[in-house]
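> Compute the structure for the input listed below.
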Amino acid sequence: MENTSNTQQGERAVSWPALPYEAWRDTCQTLHLWTQIVGKVRMELSPFLNHWWHVTLYVTPRGLTTSSIPYHGGTFEVTFDFVEHNLSIRTSEGTTKALPLILRSVAAFYRECMACLQALGIEVTINTLPSEVQHPIRCDEDEVHASYDPVYAQRFWRILVQTGTVMQRYRSPFLGKSSPVHFFWGSFDLALTFFSGRHASERPGADRMTREAYSHEVISCGFWPGDDRFPTPAFYAYTYPGPPGLPTASIRPEEAFYSQELGLFLLRYEDVRSASSPAQALLEFFQSTYEAGARLSQWDREALERKAR
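Numbers count the residues shown, from 1 in each chain. Now for the predicted structure:
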């Protein structure tokens, strides 16, 4: 029994590794800005999709990718490989360029990434001011953020892999409009969103990005590595518009809670990775927060959910 328990703990440590924010804070912030550069390339060259779905990255068996980006009759893809720690650019013409993911400033990464694209005949101009970060520095000028710890970068990606797998299970019985499981480089989180099919009232003073993102009623969940405001990785869930009674709704597991400051449900990553079944604990969090939001917002669950057989 002890050997079995030790084996299970070892498997959890690999699949759900420790990710204390303070231990990789500098790498997290640098990687966040690197993904913004790559994500903005996709945004500039891809046709617009509702709710900004044309800008996101996707989790792969090796890292994060833009997926195919159209360009001059062909396509190309940019991928962060967190196994061998490279950034690779591949085109439908069969040409490739790569640069190692190593200690370098955001400005250096920007210059080298753009040089690789140009060498492949891809011309693109991006807005170099980072999005959704405090005290942004233009990425072509940022010599402040210059960290890369491959161990923690890979741990972060492994958590995204496990979270994405749980999200796919959670998404399976939902019949309504649903986002892909995708990674937003602005907020630096893996997210999945369900829609009721009804329009939402516009947020007062909302900017263009927010108006598009929340044009319809949503229930969303995701994983976020934390930041200086909330320095711990956590899973989140929210309903928009937030119905009366949601903050006090009963949700699972018992470690989950509602943050009045952030306006959403949170479940700390450490509480998931220490559970006897991390995947099951996370699935319960996603499912229970969805059920609370859908019930209190009076979603048409008969039409939106597949019956269990």
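> From now on I want contacts and neighbour counts done on CA atoms only, so please keep to that.
Will do.
> all strands of the stretch 201-309 of the chain, in order?
Under the criterion DSSP state E, counting those that start in this stretch, the stretch 201-309 of the chain contains strands at 216-224, 234-240, 257-259, 264-268.
> got the contact list for the first one?
Under the contact criterion Cα atoms under 8 Å, 6 or more residues apart in numbering, strand 216-224 has outside partners 160, 163, 188-201, 233-241, 286, 290, 293-294.
> what does the shortest one give?
Contact partners of strand 257-259, identified using Cα under 8 Å, 6+ apart, comprise 247-248, 251, 264-267.
> before we move on, the earlier item: in CSV, list the strands of the stretch 201-309 of the chain along with mean neighbour count, mean pLDDT and distance to Ser131.
Output for the strands of the stretch 201-309 of the chain, formatted as CSV (neighbours: other Cα atoms under 10 Å; pLDDT from 0 to 100; distance: least, Cα to Cα, whole Å):
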stretch, mean neighbour count, mean pLDDT, distance to Ser131
strand 216-224, 23, 98, 16
strand 234-240, 23, 98, 21
strand 257-259, 17, 98, 24
strand 264-268, 22, 98, 21
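> Render the CA-only coordinates of the lengthiest strand in the chain in PDB, please.
For the chain, the longest strand by residue count, based on DSSP state E, is strand 189-199. The C-alpha trace of strand 189-199 is given here as PDB (Å, rounded to 0.1, in the frame of the first residue of the first chain):
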ATOM      1  CA  ASP A 189      -4.400  32.100 -18.900                       C
ATOM      2  CA  LEU A 190      -5.900  29.000 -20.400                       C
ATOM      3  CA  ALA A 191      -9.600  29.500 -20.800                       C
ATOM      4  CA  LEU A 192     -12.900  27.800 -21.900                       C
ATOM      5  CA  THR A 193     -16.100  29.700 -22.200                       C
ATOM      6  CA  PHE A 194     -19.800  28.500 -22.600                       C
ATOM      7  CA  PHE A 195     -22.500  30.800 -24.000                       C
ATOM      8  CA  SER A 196     -26.200  30.800 -23.200                       C
ATOM      9  CA  GLY A 197     -27.100  32.200 -26.700                       C
ATOM     10  CA  ARG A 198     -28.500  35.400 -25.300                       C
ATOM     11  CA  HIS A 199     -27.000  38.900 -25.700                       C
END
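> per-residue confidence averaged over that strand?
Across strand 189-199, pLDDT averages out at 98.
> between the contacts of strand 257-259, which is closest to Glu132?
Within these, proximity to Glu132 (Cα to Cα) peaks at Leu264, which comes in at 17.9 Å.
> what about this protein, any weak spots by pLDDT?
Counting by pLDDT under 70, the ranges of the chain that qualify are 1-11, 309.
> Quick check, central residue of it?
Leu190 (2.0 Å; Cα atoms, centre = their mean).
> residue contacts, that one?
Residues in contact with Leu190 (Cα under 8 Å, 6+ apart) are 160, 164, 181-184, 222-224.
> Leaving out chain neighbours, which residue sits closest to Gln113?
Slight slip there: residue 113 is Cys, not Gln. Leaving aside its sequence neighbours, Cys113 sits nearest to Leu99 (Cα to Cα, 6 or more residues apart in numbering; 7.7 Å).
> which helix in this protein runs the most residues?
Taking DSSP state H as the assignment, the helix of the chain that covers the most residues is helix 21-45.
> Could you name the helices and strands sitting against that helix?
strand 69-71, helix 106-119, helix 150-171 (3 or more Cα pairs under 8 Å, 6 or more residues apart in numbering; DSSP states H and E).
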